[in-house]
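K.L.:
here you go, sequence then predicted model.
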Amino acid sequence: MTATSGVNWGVGDLTVRFGKVEALRRVSLEVKPGAVHAVVGGDGAGKTTLLRVLAGLGLDTDGIIRIPPPGRIGYVPPDGGVFGDLTVTENMEFVADGYGLTGWQKRSSALLGRAGIARFGDRLAGKLSGGQRRKLAGSMALLPEPDLLVLDEVTTGVDPVSRMDLWRLIAGAAADGAGVVIATSYLDEAERAGQVLLLHDGVQLAAGSPRSVIDGMQGNVSNVSSPDGHRAWRRGRRWRQWDPNGERGGEVTLEDVAIVAELNAEERMP
Amino acid sequence: MKSVAAAGVTRRFGSFTAVDAVDFEMGPGEVVGLVGANGAGKTTLIRMILGLLEPSEGSIRLFGQAQTRQQRRRIGYVPQNLGLYRDLTAQENLEFRADIFGAEPPDAPLASEGLVADMSLGAQRRAAFAAATQHDPELLVLDEPTSGVSPLSRTKLWDLIRQRAEGGTAVLVSTHYMDEAEQADRLVLMSHGRVVAAGSLESIIGNRTAIEVDADPWDRAFAALDSGSRLITLAGTAIRVLGESAESVGATLAEAGVEANLRTVPATLDETMVMLDS
């Protein structure tokens, strides 16, 4: 546990502009220590913008931003975070030097072990597989024992075996008391987090625990053999149909809720 | 007539066997999900089906005939990187591709969104799908076709894929995401070059289970279980342990003085792939 554990990080009523474009509009996220928060949405939803704000990167913002000092934040950007022409060990050493860490070797070995890449210490990071590179990036972000860990699409395109190693790192960071924020476009992955925030076109569609987000959806979603209107979508050979006035019956998934929220947002658009 | 019929197909690279004695069939109108971890042999099998690699042993027949170069006009393929020219517009991509395949470009031009490089990922994926299907292929091969797009965009892409299948196209989807695998009519699971299970999601998972550990606070349970080669992951604030009995997990927790509720639950597709790989 770190000295600052117990503090909630996050943003309140956050608006971010790029010139005249609002990339995020009045988004709020409370990041609790020891918990994993998933920011979910497709491309253009604003996930990366929100995570950049949490990582302390200077942007044109309005609203409340509560983040630890730079030395207490771990951040993995969407497609990088490692130096391809350094070895795995040299990448870790580079982070240790940058953060002024001493006695970091033991923690480094433990992290690389947890990530399943301990045996590649002397390999150039550029020669690692995509999944191994993401695991190295995660290990580097965790080396300074951050209070806030911000991971942007760290599991996208990564196979299930490496994904499990990454989740082991993520869970370990949360167990050590860090507040963890991950961005993903996959709902089944988001359901592993304690808290989810659904974003679409820069707007927050829903937030809370997966259970509360599912329970909070208006109406019901059920299987039908043929669609009625535009509030239906395919699931294999069958259709799922949203009835805004329906009584809850069978199982509703987080994916159903995300689709309904997007349909709602489209209907509200002029 | 089968769209794809692979019998005893093996592909070796030097001393490494990437695909090992695989039998695989799919018919017109079927949507088949090809799932497995990296290195399972999915990509090699697909490259052989596309005619880009020759099997070391065994045979692949497409549309009831031995493989020929001419058959490629009957196949549509969308690779993971989409295969679009990024410095052309979507419409220019379609017209260029139509010329190559000797197909008519679509009547209704795609909404112009400028160069492909400037389009949203969802729009790029729809354009890649349009480019791969404008010659009305009888076999469509898609590599993670909906990765990275929003949930609603994903369902719209699946609607296009399903319409093709209903028109008689055989659709082979390679993926390691549950959200995509659930959309297929049936799944074929590969591990270490072999087909290890085939059928519905339920039959692929079979009787594999995970142990779900509920403890308050969960972090102490995680610390106690996070050791050695144990396969563990998180599900909300519960911890899931793979490939170990509830008794053994319970004993580890008791030794660390952690009180927890343990339940044996069905494994997920992800967890099934991980257990097969380890």
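P.N.:
Perfect, I can see it now. Numbering: from 1, shown residues only, chains lettered A, B, ... in the order given.
K.L.:
domain assignment for the chain?
P.N.:
No chain in the question, so chain A it is. Chain A breaks down into these domains under automatic domain parsing: A:9-207, A:208-268.
K.L.:
wait, chain B
P.N.:
With automatic domain parsing as the criterion, the domains of chain B are listed as B:4-205, B:209-277.
K.L.:
what secondary structure does the closest residue to chain B within chain A sit in?
P.N.:
Residue of chain A nearest chain B, by C-beta to the nearest C-beta: A:Gly42 (2.6 Å). No exception for glycine: its C-beta is placed from N, CA and C like everyone else's. Under DSSP: H, G, I helix; E, B strand; the rest coil, A:Gly42 falls in the coil class.
K.L.:
end to end, how far does stretch B:49-56 reach?
P.N.:
Distance across stretch B:49-56, first residue to last, is 13 Å (C-alpha to C-alpha, to the nearest Å).
K.L.:
show me how far that stretch is from its chain's centre.
P.N.:
Taking C-alpha atoms, centre = their mean, to the nearest Å, one finds the center of stretch B:49-56 at 19 Å from the center of the full chain.
K.L.:
show me the contact partners of it.
P.N.:
With contact meaning C-beta atoms under 8 Å, 6 or more residues apart in numbering or on different chains, stretch B:49-56 is reached by B:4, B:6, B:9-12, B:19, B:44, B:47-48, B:60, B:62, B:67-69, B:71-72, B:75, B:77, B:139, B:141, B:172.
K.L.:
go with 6 Å
P.N.:
Residues outside stretch B:49-56 that contact it (C-beta atoms under 6 Å, 6 or more residues apart in numbering or on different chains) are B:4, B:9-12, B:47-48, B:67.
K.L.:
tell me which residues of it are tucked away?
P.N.:
Under the neighbour-count criterion of 16 or more other C-beta atoms under 10 Å in any protein chain shown, stretch B:49-56 has B:49-50, B:53, B:55 buried.
K.L.:
likewise stretch A:115-125?
P.N.:
Buried, per 16+ other C-beta under 10 Å, within stretch A:115-125: A:115-117, A:120, A:125.
K.L.:
hang on, the earlier thing: out of the contacts of stretch B:49-56, which one sits closest to A:Lys47?
P.N.:
Using C-beta to C-beta, B:Arg47 comes nearest to A:Lys47 of these, at 33.0 Å.
K.L.:
check contacts around the closest one.
P.N.:
Counting by C-beta under 6 Å, 6+ apart, B:Arg47 has contacts B:Leu53.
K.L.:
show me which residues of the stretch 151-270 of chain A sit near chain B.
P.N.:
Counting by C-beta under 6 Å from any C-beta of the partner chain, the stretch 151-270 of chain A comes close to chain B at A:159-161, A:164, A:167, A:171, A:175, A:185-186, A:188, A:192, A:194, A:233-234, A:236, A:255, A:258-259, A:262.
K.L.:
ramachandran angles for B:Gln91?
P.N.:
With angles defined as degrees, to the nearest 10, B:Gln91 sits at phi -60, psi -40.
K.L.:
what pLDDT does it get?
P.N.:
Model confidence at B:Gln91, given as pLDDT, is 87.
K.L.:
likewise for B:Leu110?
P.N.:
Taking B:Leu110 on its own, its pLDDT is 64.
K.L.:
what about the chain, any weak spots by pLDDT?
P.N.:
Since no chain was named, I'll use chain A. A:1-6, A:270 (pLDDT under 70).
K.L.:
switch to chain B, that's the one I care about
P.N.:
B:105-113, B:228.
K.L.:
show me where it has helices.
P.N.:
B:42-49, B:90-101, B:121-133, B:151-166, B:178-181, B:201-205, B:218-225, B:246-255, B:269-277 (DSSP state H).
K.L.:
in TSV: those helices, plus distance to B:Ile211.
P.N.:
Shown next, in TSV, are the helices of chain B (distance: least, C-beta to C-beta, whole Å):
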stretch	distance to B:Ile211
helix B:42-49	29
helix B:90-101	49
helix B:121-133	38
helix B:151-166	30
helix B:178-181	20
helix B:201-205	15
helix B:218-225	10
helix B:246-255	5
helix B:269-277	11
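K.L.:
what bridges to B:Arg262?
P.N.:
No Arg there; residue B:262 is Leu. B:Val213 (DSSP bridges).
K.L.:
now do the contacts for it.
P.N.:
B:211, B:213, B:246, B:250.
K.L.:
separation between the third one and chain A?
P.N.:
Distance of B:Ala246 to chain A, given as C-beta to the nearest C-beta, to the nearest Å: 20 Å.
K.L.:
returning to what we had before: between the domains of chain B, which one is closest to A:Asn220.
P.N.:
It is, among those and with distance given as C-beta to C-beta, domain B:4-205, at 17.5 Å.
K.L.:
what is the burial count for B:Phe268?
P.N.:
Actually, residue B:268 is Thr. It isn't Phe. Residues lying near B:Thr268 (other C-beta atoms under 10 Å in any protein chain shown) number 22.
K.L.:
which residue packs closest to it, ignoring adjacent ones?
P.N.:
B:Met178 (6.7 Å; C-beta to C-beta, 6 or more residues apart in numbering or on different chains).
K.L.:
ends of stretch A:85-104, how far apart?
P.N.:
Using C-alpha to C-alpha, the two ends of stretch A:85-104 sit 21 Å apart.
K.L.:
check the gap between the closest residue to B:Ile211 other than its chain neighbours and B:Asp226 for me.
P.N.:
Of all residues not flanking B:Ile211 in the chain, B:Val241 sits nearest, at 4.5 Å (C-beta to C-beta, 6+ apart). Using C-beta to C-beta, to the nearest Å, B:Val241 is found at 10 Å from B:Asp226.
K.L.:
neighbour count: the two, which is higher?
P.N.:
Between B:Val241 and B:Asp226, counted using other C-beta under 10 Å, the more crowded position is B:Val241 (21 against 16).
K.L.:
so what pairs up with the more buried one in the strands?
P.N.:
B:Ile211, B:Ile232.
K.L.:
got a list of what it touches?
P.N.:
Neighbours of B:Val241 in contact, by C-beta under 6 Å, 6+ apart: B:211, B:232, B:249.
K.L.:
center of the chain - which residue?
P.N.:
Since no chain was named, I'll use chain A. A:Ile182 (1.6 Å; C-alpha atoms, centre = their mean).
K.L.:
switch to chain B, please.
P.N.:
Note: chain B centre (C-alpha atoms, centre = their mean) maps to B:Thr175, 1.5 Å.
K.L.:
could you find the closest non-adjacent residue to residue 245?
P.N.:
Using chain A here. A:Gly219 (5.7 Å).
K.L.:
should've been chain B
P.N.:
In space, B:Ser245 is closest to B:Ile211, 7.7 Å off (C-beta to C-beta, 6+ apart).
K.L.:
and the end-to-end length of stretch B:70-82?
P.N.:
23 Å.
K.L.:
quick one: buried residues of that stretch?
P.N.:
B:71-72, B:74-79, B:82.
K.L.:
in CSV: those residues, plus distance to A:Ala23.
P.N.:
Listed next are these as CSV, based on distance: C-beta to C-beta, whole Å:
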residue, distance to A:Ala23
B:Gln71, 47
B:Arg72, 43
B:Arg74, 44
B:Ile75, 40
B:Gly76, 35
B:Tyr77, 34
B:Val78, 29
B:Pro79, 30
B:Leu82, 24
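K.L.:
tell me which two of those residues sit farthest apart.
P.N.:
Among the buried residues of stretch B:70-82, B:Gln71 and B:Leu82 lie farthest apart (C-beta to C-beta), at 22.7 Å.
K.L.:
quick check: residues of the stretch 101-250 of chain B near chain A?
P.N.:
Counting by C-beta under 6 Å from any C-beta, the stretch 101-250 of chain B sits next to chain A at B:120-121, B:148-153, B:155, B:158-159, B:162, B:176-179, B:183, B:219, B:222-223, B:233-237.
K.L.:
between the helices of chain B, which one is nearest to A:Lys47?
P.N.:
Short answer: helix B:121-133, nearest of these by C-beta to C-beta, at 12.2 Å.
K.L.:
got the CA coordinates for that closest one in PDB?
P.N.:
Extracted as PDB, the C-alpha positions of helix B:121-133 are listed here (Å, rounded to 0.1, in the frame of the first residue of the first chain):
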ATOM      1  CA  LEU B 121     -12.700   2.500 -38.100                       C
ATOM      2  CA  GLY B 122     -16.300   1.400 -38.400                       C
ATOM      3  CA  ALA B 123     -16.600   3.000 -41.800                       C
ATOM      4  CA  GLN B 124     -13.300   1.400 -42.800                       C
ATOM      5  CA  ARG B 125     -14.500  -2.000 -41.800                       C
ATOM      6  CA  ARG B 126     -17.800  -1.500 -43.800                       C
ATOM      7  CA  ALA B 127     -15.800  -0.400 -46.800                       C
ATOM      8  CA  ALA B 128     -13.400  -3.500 -46.500                       C
ATOM      9  CA  PHE B 129     -16.500  -5.700 -46.300                       C
ATOM     10  CA  ALA B 130     -18.000  -4.100 -49.400                       C
ATOM     11  CA  ALA B 131     -14.700  -4.400 -51.300                       C
ATOM     12  CA  ALA B 132     -14.500  -8.100 -50.400                       C
ATOM     13  CA  THR B 133     -18.100  -9.000 -51.300                       C
END
